[in-house]
Each structure stands twice: as C-alpha cells, then as structure tokens.
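Chemist: This is a predicted model, with the sequence first.
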Amino acid sequence: MGAHAQPLDVLPETEAVHWRPRVDATRLRRVGSLWTLTTVAHVVPFVGAAALLMVLQPLALPVAIACLAHAWVIPELYAQRGANVLRPRGRAADEPERRSVGLLGDLVGHDARELHARTGLVLEPGRLGPWIVGEAGAVLLHGRRLRKVFCYCIKVDARAIAATGGAQPLPSGDRIAHLLLALRADEQGFATVANLTFAGARWRLRRRMPATARRAVDAALCGLDNASRVAS
Amino acid sequence: MSKLIRMDHTGHSTVAEWTFKDPAAVEAAVQSFRAELERGYLAMVSTGPGHAEQVRELPVDADLVILRLPISGG
C-alpha cells in the first residue's frame, strides 16, 4: 500500500519539451529583451522608410502612410496574440460548469474567487510574479512595477483527453484548475512547457485585452500596491 | 473523510473516498489511484496556499487528492 506521498518537484510535462531551457528570472529578462529588439526591428525600418520617402518625394505620401500603418499594425498584432490567451473558450453544460467552478473555488482564496466570478480569470501569486490564469493560457506580470508581461498559451493536452477516453471538452473551471495546479507545483516548469505568444510592455497588452481581463491586471497591480504599502 | 477526485467533463467525479480507520477503503482507494495514473492522469495534492505537489503514491493522510490531465503548450 502506498502510504507515503512522493513529491515530484518538476512537472513531468517538461520532458516533452526537453530542448527548452528552464525558464527563470534571467531567462525572462533575456527573452523580454529579444522581443523588444524584434519589435524595434519591425517598427524602425517602416518608420525610416516612411520618413525617407517623404524627404525624397512628398508625392509618395500614400506609400509613406502605408509604411507607418505597417509599423503600427505589426506590434499590435503581436499584442493581440498575447491578449488572446485569456479569451474565454466554449462553455460546457450548466451542471458541469457549476461543479467545476465549485472545485476551482475550493482551490483559491476569497479574493481570487471573487475575481473569477467577475472576470472568469484567476490571479495567482508566483515567485516570478503574479499570474493571471485563464482557460487556455496565462499571463505573467514581471519586472519592476510589473511593467513587463509574458503571455503563455497552455492548455490541457487534447491527446491526453482522448487517451483517457474523454470525448467531451472540460468545463471552464476545470480547464483553469488544471493550469493552476500545474503552476503551483512547478512555476518554472509551467512557463517552460507553455508556448510564449507575446512578451512586452504591459500597456501594449492591456489595450488589446477585453475589459474583464483588464480588471484582472488591475487586481494584480492593486496587490502590488498593497504589498508596497505593507513593506513601507 | 478523504477524497480522490478526477477532473473531467462532468466538472469532477469522486473516484474514491476513505478514512484512516477503514483499511479496506484505503486499499480500494490506492487501487483506484493507481488505475487512474495508468490511464494517464497525474495526481496533485495542495500543500498550503499557492502550493501543490505531484504525487505518485496515494497520500492517505491527505484530505483531497486531485487527478488532472497533462498540459501542453497550445
């Protein structure tokens, strides 16, 4: 009889992405810088081209405007991709939804329960920063004053659902609870397994988020302010 | 009363319930636990606010053991 728990520190799912370096604060900084550089590399050539066109030939104004539009649209598309990780997915029937939300409520505290009722998202503190966990992804707020965001696409493996004989999708609360438990067990492993869809300034993501998700970001910042107040 | 639950399309299902004082119930829970792990589920126990651990053997002293499916990048 197995009377003793055998804790496992590392998410077993990391084996499936063994080639990825384990995410830590240093790696987040490096990845964040790389995304900033990529954004600059997208924006600067188009802005430069627009400026050059106007200097060389003012009649090329429409082309210059098109260049500026590209410089604006491309970073916005990336930010939108990041915001999409928190979008709600399809709903199951009422009873499974109610049961799953009940279980999720048992896993989190009162404030997180209340936030979930308002936004459908769960705010979870972590060592790397606060996480906003949705049904098919999570956003990590990181850095000084939480000004950087890292958006991760991660969800219950569809192959695993099929392998266990399940044909129907999980209700929303269970989808979040799966991610939450994995995050709590191994935060770095969670970030390693997940696919990064966007990294950048918080304000860039916030603009592309639905109002409900913005409330979750505000709650994270409110938590930061409270922590600062307690510390001082 | 301790519970082993599985997150599934119904919200969650209770796979086993046991108490320390009932060795037969504990043994049945252990068997169910192993069967679920063989099906591909991963077992988690909460270890305080914001913390969880994955376990390979049923922690019979835990109040709640949750079975979850593996996750992957989307």
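Modeler: Sure thing, it's come through.
Chemist: Show me where chain A has its strands.
Modeler: Taking DSSP state E, the strands of chain A run over residues A:7-8, A:122-124, A:131-133, A:137-142, A:148-156, A:195-201.
Chemist: typed the wrong thing, it's chain B
Modeler: Using DSSP E, the strands found in chain B span residues B:2-6, B:13-18, B:42-46, B:52-55, B:64-68, B:71-73.
Chemist: Figure out which of the ones you listed is closest to A:Leu121.
Modeler: A:Leu121 sits nearest to strand B:71-73 of all those, at 17.0 Å, using Cβ to Cβ. Where C-beta positions appear, they are placed from N, C-alpha and C, glycine not excepted.
Chemist: And that closest one, what does it pack against?
Modeler: The contact analysis (3 or more Cβ pairs under 8 Å, 6 or more residues apart in numbering or on different chains; DSSP states H and E) places strand B:71-73 against strand A:148-156, helix A:172-185, helix A:187-193.
Chemist: what residues does it touch?
Modeler: Here strand B:71-73 makes contact (Cβ atoms under 8 Å, 6 or more residues apart in numbering or on different chains) with A:13, A:16-17, A:152-157, A:178-179, A:182, A:193-195.
Chemist: Return the item of those residues having minimum pLDDT.
Modeler: Note: of the contacts of strand B:71-73, the lowest pLDDT belongs to A:Asp157, at 85.
Chemist: thought A:Glu97 was touching A:Pro169?
Modeler: No: if you go by Cβ atoms under 8 Å, A:Glu97 and A:Pro169 don't touch, sitting 11.2 Å apart.
Chemist: which one is B:Ala62 nearest to, not counting chain neighbours?
Modeler: Distances taken as Cβ to Cβ, 6 or more residues apart in numbering or on different chains place B:Val45 nearest to B:Ala62, at 4.7 Å, with adjacent residues excluded.
Chemist: closest to B:Ala25 out of the helices and strands packed on strand B:71-73?
Modeler: Here helix A:172-185 is closest among the helices and strands packed on strand B:71-73 (Cβ to Cβ), at 24.7 Å.
Chemist: So which bits of that closest one are buried?
Modeler: By 16 or more other Cβ atoms under 10 Å in any protein chain shown, the buried positions in helix A:172-185 come out as A:172-185.
Chemist: for stretch A:106-115, same thing?
Modeler: In terms of neighbour count (16+ other Cβ under 10 Å), stretch A:106-115 has its buried residues at A:107-108, A:112, A:115.
Chemist: For chain A, which helix extends over the most residues?
Modeler: The longest helix of chain A (DSSP state H) is helix A:25-56.
Chemist: where in chain A is pLDDT low?
Modeler: Low-confidence segments of chain A, defined by pLDDT under 70: A:1-8, A:165-167, A:224-225, A:227-232.
Chemist: quick revisit: now, which of the buried residues of stretch A:106-115 lie close to chain B?
Modeler: Subset of those in contact with chain B: A:Leu107, counting by Cβ under 8 Å from any Cβ of the partner chain.
Chemist: ok, the buried residues of stretch A:106-115 vs chain B, which is closest?
Modeler: Distance to chain B, by Cβ to the nearest Cβ, is smallest for A:Leu107 among those, at 6.9 Å.
Chemist: Return the residues in contact with residue 67.
Modeler: Since you didn't name a chain, this refers to chain A. By Cβ under 8 Å, 6+ apart, the residues touching A:Cys67 are A:46-47, A:49-50, A:53.
Chemist: Chain B was what I was after
Modeler: Applying Cβ under 8 Å, 6+ apart, the residues contacting B:Leu67 are B:4-7, B:15, B:36, B:41-44.
Chemist: Lovely, talk soon.
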